[in-house]
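A.B. asks: Okay, here's the prediction I keep looking at, along with the sequence it came from:
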Amino acid sequence: MLDILMAGGWAMLPILICSAVALAIVLERCWTLRRSSVLPPGLGEEVRNWARSGQLDPNHLNTLANGSPLGELLASALAVRNRPRELIKERIEDTGRHVVHRMERYLNTLGTIALIGPLLGLLGTVIGLIRMFMEVMRGGVGDPMKMAGGIGEALICTATGLIVAIPAYVLHRYFRSKVAGYCVAMEKQATELLDELTVNQPAPAPRTRAPRATAATTESSAS
């Protein structure tokens with residue numbers, strides 16, 4: 001295997017670096033995006049029970065916010081639980097954007113590797129073909145081994161680039177869809193908590209406008 005990789009030429013080096021980075025990202029995201037870590041089972045119901053019983057001291061909120069992405073989202077709503085519904089909803093949306101950004105960490109890098117993997121393989125292919133034609137120009141076509149070396153280098157780079165790019169692309173799409181599913185589940189839990197926090201809030205009083213003085217009233221007042 002080492003001989004095959006070395007036969008691919010110097011263009012194999014960036015491909016191998018990309019493969020190592022992609023493997024590290026995949027392992028890290030697999031660990032970070034575990035469902036039990038993002039959406040702890042029963043956490044939403046437990047937080048709603050806290051809201052009903054009034055167990056909302058700062059220690060509870062800090063522990064909740066540091067425990068999981070869902071906990072951070074729910075803690076942001078509890079921190080402003082005495083505000084109007086629209087303000088609580090706005091806080092949830094702001095926190096949700098930060099939570100989603102962290103869950104999508106490194107996914108852009110993984111997508112970039114999936115994109116440039118075939119391009120690096122193509123670069124190695126072009127370099128191998130150029131080397132083959134240079135050998136032909138110097139020594140003619142009498143020695144087929146010179147041509148075989150360039151063709152082999154080209155094929156190895158192409159195959160290696162595709163081997164790196166195809167799994168990276170598949171896993172990039174997989175993690176994206178996984179984050180999207182988590183977002184839907186967290187939105188559901190946040191909406192249920194929002195309803196729990198605002199169910200007993202009084203409706204905002206409608207604004208009343210002072211009646212305008214009629215012309216007759218104005219004239220009578222003037223007289």
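C.D. replies: Cool, got the structure. Numbering: from 1, shown residues only.
A.B. asks: Output stretch 160-172 as PDB, restricted to C-alpha atoms.
C.D. replies: Extracted as PDB, the C-alpha positions of stretch 160-172 are listed here (Å, rounded to 0.1, in the frame of the first residue of the first chain):
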ATOM      1  CA  THR A 160      -7.300   8.400  -4.100                       C
ATOM      2  CA  GLY A 161      -9.000  11.700  -4.600                       C
ATOM      3  CA  LEU A 162     -12.300  10.000  -5.300                       C
ATOM      4  CA  ILE A 163     -11.800   7.600  -2.300                       C
ATOM      5  CA  VAL A 164     -11.400  10.700   0.000                       C
ATOM      6  CA  ALA A 165     -14.100  12.800  -1.600                       C
ATOM      7  CA  ILE A 166     -17.000  10.400  -1.900                       C
ATOM      8  CA  PRO A 167     -17.200   9.400   1.900                       C
ATOM      9  CA  ALA A 168     -16.600  13.100   2.800                       C
ATOM     10  CA  TYR A 169     -19.500  14.200   0.700                       C
ATOM     11  CA  VAL A 170     -21.900  11.500   2.000                       C
ATOM     12  CA  LEU A 171     -21.000  12.200   5.600                       C
ATOM     13  CA  HIS A 172     -21.300  15.900   5.100                       C
END
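A.B. asks: Outside of it itself, which residues are in contact with it?
C.D. replies: 5, 8, 12, 15-16, 18-19, 22, 26, 107, 110-111, 113-122, 124 (C-beta atoms under 8 Å, 6 or more residues apart in numbering). Where you see a C-beta, it was placed from the backbone N, CA and C, and this is true even at glycine.
A.B. asks: switch to 7 Å and redo it
C.D. replies: 8, 12, 15, 18-19, 22, 26, 107, 110-111, 113-114, 117-118, 120-121 (C-beta atoms under 7 Å, 6 or more residues apart in numbering).
A.B. asks: now stretch 183-200
C.D. replies: Outside stretch 183-200, the residues touching it (C-beta under 7 Å, 6+ apart) are 39, 44, 47-48, 51, 69-70, 73-74, 77, 81, 85, 88-89, 92, 100.
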